[in-house]
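Student: What follows is a predicted protein model with its sequence.
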Amino acid sequence: MSCTKTVALEEGLEDIREYLQDKGFQVVDWGKDQLAVDALVYKNRSLSEIQIEHVTSAVPVNFAVNNSTGVLLVNAQNKTPEEVYEIIKNRVYDHFL
């Protein structure tokens with residue numbers, strides 16, 4: 001019994017959006033939709049720009065999911081949509097093969 005993961009994407013990551021949607025993820029716009037999410041995918045920000053207050057108020061963490069450990073932040077810089085998918089699916093940055 002798997003549950004659908006919800007992912008918030010920074011603007012400009014349409015290739016990743018399409019790939020994740022094809023894999024069954026619910027994809028929302030970062031900062032526009034007020035849904036609980038499992039992961040935030042960004043590319044054009046530094047971690048210092050992602051403030052905890054912004055993340056927790058603009059994008060609630062999905063604690064309703066079993067074994068939820070909070071929001072996974074995924075830097076999509078130099079990553080393919082497939083690599084981003086694997087990171088979110090496995091909740092780890094690791095080798096993909």
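Tutor: Nice, thanks for sending it over. Worth saying up front: this structure is predicted, and the values here are computed from it rather than measured.

Student: Every contact and neighbour count from this point should use C-alpha atoms.
Tutor: OK.

Student: how far away is Arg17 from Arg91?
Tutor: Taking CA to CA, to the nearest Å as the measure, Arg17 falls 18 Å from Arg91.

Student: Wait, a helix at Val74?
Tutor: No: applying DSSP: H, G, I helix; E, B strand; the rest coil, one finds Val74 to be strand, outside a helix.

Student: out of Arg17 and Arg91, which sits in the busier spot?
Tutor: Shown here are Arg17 and Arg91; by other CA atoms under 10 Å, Arg17 has more neighbours (23 against 16).

Student: element containing the nearest residue to that one once chain neighbours are set aside, please.
Tutor: Distances taken as CA to CA, 6 or more residues apart in numbering place Val27 nearest to Arg17, at 6.5 Å, with adjacent residues excluded. Taking DSSP states H and E as the criterion, the element that holds Val27 is strand 26-29.

Student: for Lys89, same thing?
Tutor: Here Lys89 is assigned to helix 81-90, by DSSP H and E.

Student: same check, this time on Asp15
Tutor: Using DSSP H and E, Asp15 maps to helix 14-22.

Student: and what of Val41?
Tutor: Using DSSP H and E, Val41 sits in strand 39-42.

Student: Also Leu35?
Tutor: With DSSP H and E as the criterion, Leu35 is inside neither a helix nor a strand.

Student: any idea how far Asp29 is from it?
Tutor: As judged by CA to CA, Leu35 and Asp29 stand 10 Å apart.

Student: any low-confidence regions in the chain?
Tutor: Scanning the chain for pLDDT under 70 picks out 1-3, 33-34, 47-48, 50-69, 94-97.
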